[in-house]
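Engineer: Quick one: sequence and predicted model below, then my questions.
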Amino acid sequence: MKTKHLPLLFSLLFFNCYLFRQGVSFLSYQRKAVPVDRIISDTTVDDSLIEFLNGTTAIRLYARDSLGLSLNDNFTTFVETDKRSIVSVVTACAPDTFNQHTWWFPIVGKMPYKGFYKLKHARKEVARLRKKGLDVAVRPAGAFSTLGFFKDPLYSYMTRYSPYRLASMIIHEQVHATIFLKSNADFNEAMAVFIGDNAALHYIKATRGESSREYLKARNIYKDEKTFISLVLGLYDELDSIYSLNLLSEEILELKQARIEHFKYHYDKNYDSLFTTRRYKRFSSRKINNAVLAEYKTYNYDVGIFEKLYRHFEYDMKAMIAFLKTIPKREKDPVEFIEFKLDK
């Protein structure tokens, strides 16, 4: 860990009990982290792990050389763990509108989610928010970004990721470490998703070949993801229209639940004709509420602006990212900033 970052860390740790707990857990993983170079040079290490680590290094270099993203110390260490994810992420939202509950943190500002290293702490937060009458959701997250302030490690469960998922994850987190607008989670996440998914697909095509099994699988995952997001955001828009009606809260909630059940029925009925993989098969069995839908909206906020920008730069992702770097870090409306620049 870099010494110059210690004052920042301690200010975060003692900001409140939550940050202290998360800081202790974070430091415990940092202590367990082993440099990737040391593992690769160890002749007793299994070949499959060496292949995985070499693969992550290649993705990091691709992110720097082909995309222009920061090449910091992220993903240069490895942590062995029996977990399948590193944190549990809690989100909350009003039950009859899409007004998200937010939290404020040092450095990053206002955020619509809160992460916990220990599930029991996440569950306590869920119970607290439900007492307030909010829709609440909790999900596992395999990675998160410390924005380049510390070394974000690789975890052993990532060795099970497909090449596409691994590339998408690393590029996504490196976007956060390169470009981050304070208190603008929707834009930050949607940008990282758009760049991560598209760049990962190009990476697999370039390194494995257009006719390779890995690329064909990645393309199917990419296609299914777009189909899934389109369906979920369609439900979001339908509910948003219901919430705008001049109705009593009880009537709105009744219409909401009926619409969700209708969505689930048709989702299951048409799944095989809509999707090529089983990746999203279990979504309809999940408790779908405003918190779930609002989070998907956050990660896919105004995707059209990124598609427009990508076309503007003639599908040159590196040029697009270079432009995105020019957005002021405290810009309150980055979409308006982009539209203004494109119209000049």
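Structural biologist: Yep, that arrived.
Engineer: Toward the C-terminus, what is the element adjacent to the helix or strand encompassing Leu19?
Structural biologist: Element membership for Leu19 (DSSP states H and E) is helix 17-32. Later in the chain than helix 17-32, the nearest helix or strand by DSSP H and E is strand 34-35.
Engineer: Could you tell me which residues make contact with Val232?
Structural biologist: By Cβ atoms under 8 Å, 6 or more residues apart in numbering, Val232 lies in contact with Leu293, Tyr296. For glycine as for every other residue, the C-beta is placed from the backbone atoms N, C-alpha and C.
Engineer: part of a strand, is it?
Structural biologist: No. Read with DSSP: H, G, I helix; E, B strand; the rest coil, Val232 is helix and lies in no strand.
Engineer: Who are the packing partners of the helix holding Leu19?
Structural biologist: helix 6-13, strand 114-116 (3 or more Cβ pairs under 8 Å, 6 or more residues apart in numbering; DSSP states H and E).
Engineer: Let me know how buried Phe180 is, in neighbour terms.
Structural biologist: Phe180: 20 surrounding residues under other Cβ atoms under 10 Å.
Engineer: how near is Lys118 to Lys329?
Structural biologist: 32 Å (Cβ to Cβ, to the nearest Å).
Engineer: Kindly report the same for Thr56.
Structural biologist: 28 Å.
Engineer: Tell me which of the two has more neighbours.
Structural biologist: Thr56 (22 against 9).
Engineer: Which neighbouring residues are in contact with Thr326, exactly?
Structural biologist: Counting by Cβ under 8 Å, 6+ apart, Thr326 has no contacts.
Engineer: Make sure I have this right: it is in a strand.
Structural biologist: No. Read with three-state DSSP, Thr326 is coil and lies in no strand.
Engineer: quick one: it from Phe150, how far?
Structural biologist: Applying Cβ to Cβ to Thr326 and Phe150 gives a distance of 26 Å.
Engineer: got it, and Lys110?
Structural biologist: 22 Å.
Engineer: ditto for Tyr18
Structural biologist: Distance from Tyr18 to Phe150, by Cβ to Cβ: 18 Å.
Engineer: okay, those two: which has more neighbours?
Structural biologist: Phe150 (19 against 15).
Engineer: ok, which stretches of this structure are helices?
Structural biologist: In the chain, helices defined by DSSP state H lie at 6-13, 17-32, 36-40, 47-65, 119-131, 163-178, 185-208, 213-243, 249-274, 290-299, 303-312, 317-324, 334-343, listed in chain order.
Engineer: Which elements pack onto the fourth one?
Structural biologist: So the one you mean is helix 47-65. Short answer (3+ Cβ pairs under 8 Å, 6+ apart): helix 47-65 packs on helix 36-40, helix 163-178, helix 185-208.
Engineer: Tell me where the model's unsure across the stretch 51-200 of the chain.
Structural biologist: 147-149 (pLDDT under 70).
Engineer: how about 90 then?
Structural biologist: Applying pLDDT under 90 to the stretch 51-200 of the chain flags the ranges 71, 83-86, 104-109, 141-151, 182-183.
Engineer: quick revisit: where among the helices and strands packed on helix 17-32 is the average confidence lowest?
Structural biologist: Lowest mean pLDDT within these: helix 6-13, a mean of 47.
Engineer: Check the gap between Ser183 and Tyr117 for me.
Structural biologist: Ser183 is 24 Å from Tyr117, by Cβ to Cβ.
Engineer: Over to Asn188?
Structural biologist: From Asn188 to Tyr117 the distance is 22 Å (Cβ to Cβ).
Engineer: do the same with Leu129
Structural biologist: From Leu129 to Tyr117 the distance is 18 Å (Cβ to Cβ).
Engineer: Which of those two has more residues huddled nearby?
Structural biologist: Neighbours around Leu129 and Tyr117, counted as other Cβ under 10 Å, are more numerous at Leu129. The numbers are 21 against 18.
Engineer: Quick check: the more buried one vs Phe144, distance?
Structural biologist: Between Leu129 and Phe144 the computed distance is 20 Å (Cβ to Cβ).
Engineer: again, but for Met169
Structural biologist: 10 Å.
Engineer: With Asp224 instead?
Structural biologist: For Asp224, the distance to Phe144 - Cβ to Cβ - is 24 Å.
Engineer: Asn198 now?
Structural biologist: Going from Asn198 to Phe144 by Cβ to Cβ gives 21 Å.
Engineer: Who has more neighbours out of those two?
Structural biologist: Neighbour count, other Cβ under 10 Å: between Asn198 and Phe144, Asn198 has more, with 19 against 15.
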